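> build me a structure from this.
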Amino acid sequence: MLPKSAVTLVQVAREAGVSTATVSFVVNGTKPVSAAVEERVRTAIRTLGYQPSHTAQALRTGKSATLGLLIPDLTNPFFPKLAQSIEQEARRRGYAVLLSDSHDDPALQAEALTTFARRGVDALLVVPAVGTAQRLRTRLPLILIDREVGGHATVQSDKVQGGQLAAAHLMALGHHEVAVLAGPGRQGEPGARVQGMLAEMRRAGAGLPASALHYSGYGVEDGRAGAHALLDAHPETTALLAANDTLALGALSAAQSRGLRVPGDLSLVGFDDIFWAALSSPPLTTVRQDTQALARLAVEQALSGHAPAPLARIPTELIVRGSTGPAPHRRSP
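Prediction:
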């Protein structure tokens, strides 16, 4: 057998006893042939180990069968999980994925979009960098995921609903002294998941002083420092809501370093349901985002060739584990 890279369309045609045009019809699906002829061509392809040239196909069809995926922070465990779901969905449809990390930097984001265009990707899937203030400049089909910017079509979880689920869970357990690790603010306002938390707390009659809302980055160290700051300022706190799981895991470390029992003294709720959430001690109660559903809809819209819906929201799910329990008796400072 010849090396796969050395096998040509002409050799496949000779092996199958057909024309090169017929082999092309079978390989590219551009024109129907009889079942018998198709089987002869497929057998010849398998026998010789022929592999079509993607470069040649791209030149012929104007399509590269490649998607560009731009993620803002690959150190945040949620985004690799999302990227894996997108890669699986794209592969199921016969597409490869080029991946880039913007490091949450709008300037690097713009560079990546230009690079994707030069590489000839067919469409773009982008989780925008925090601080993206205007429409992204590209002529390629573009679907945003997770974050809304500038009126682009967006697929995201229903984060307000997820925040409401998290807060309602704590309210049902009798927690009224609750503080929030809010992650980054957006133009001075909390993100959608925190807005949902606050709305549910207000509905339940549990007020939240401004000082009990802590803004920071999304990392574990941000959660640890934020939890210490909140518990120092509000020692009566019996529960912490976190805008993502890495913040919650940092808060868990802070609570344990202070000798607090989780959930005996302090309950914790995260958001995302990353892999590590179920492995912490105790396992973390959290709001699950369905990355498979996000990926399926985002890839479908990117490849549809039709104008996508301006905003599609995927429901979230509360996952109750061991980090939440009934509110303890109020502690004194």
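> and for Q256, nearest residue in space, chain neighbours not counted?
Nearest residue to Q256, sequence neighbours excluded (Cβ to Cβ, 6 or more residues apart in numbering): V262, at 6.9 Å. The way it works is simple: take the backbone N, C-alpha and C, and place the C-beta from them, glycine included.
> no, scratch that, I was asking about L284
A277 is the one closest to L284 (Cβ to Cβ, 6+ apart), at 4.1 Å.
> what sits against that neighbour?
Residues in contact with A277 (Cβ atoms under 8 Å, 6 or more residues apart in numbering) are D245, A248, L249, G270, P283, L284, T286, I319, R321.
> ok so, going back, assign the residue nearest to Q256 to helix, strand or coil.
At V262 the chain is in coil, as set by DSSP: H, G, I helix; E, B strand; the rest coil.
> tell me the bridge partners for R313.
Counting by DSSP bridges, R313 forms beta bridges with Q156.
> do the same with the one 5 residues further on
Under DSSP bridges, the beta-bridge partners of L318 are V287.
> please produce a ChimeraX select command covering the buried subset of the contacts of A277.
Selecting just the buried residues from these in ChimeraX takes one command, with 16 or more other Cβ atoms under 10 Å as the test:
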select :245,248,249,270,284,286,319,321
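> and stretch 201-209, average pLDDT?
Regarding stretch 201-209, the rounded mean pLDDT is 83.
> where exactly do the strands run in this structure?
Using DSSP state E, the strands of the chain run over 66-71, 96-101, 123-126, 142-145, 154-157, 178-183, 213-215, 239-242, 267-269, 286-288, 311-314, 317-319.
> columns distance to T114 and pLDDT on top of the contacts of A277, output as a markdown table?
Formatted as a markdown table, those follow (distance: Cβ to Cβ, whole Å; pLDDT from 0 to 100):
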| residue | distance to T114 | pLDDT |
| --- | --- | --- |
| D245 | 33 | 97 |
| A248 | 36 | 98 |
| L249 | 36 | 98 |
| G270 | 36 | 98 |
| P283 | 43 | 98 |
| L284 | 39 | 98 |
| T286 | 37 | 98 |
| I319 | 39 | 98 |
| R321 | 43 | 98 |
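> could you identify the most distant pair in the contacts of A277?
L249 and I319 (14.6 Å; Cβ to Cβ).
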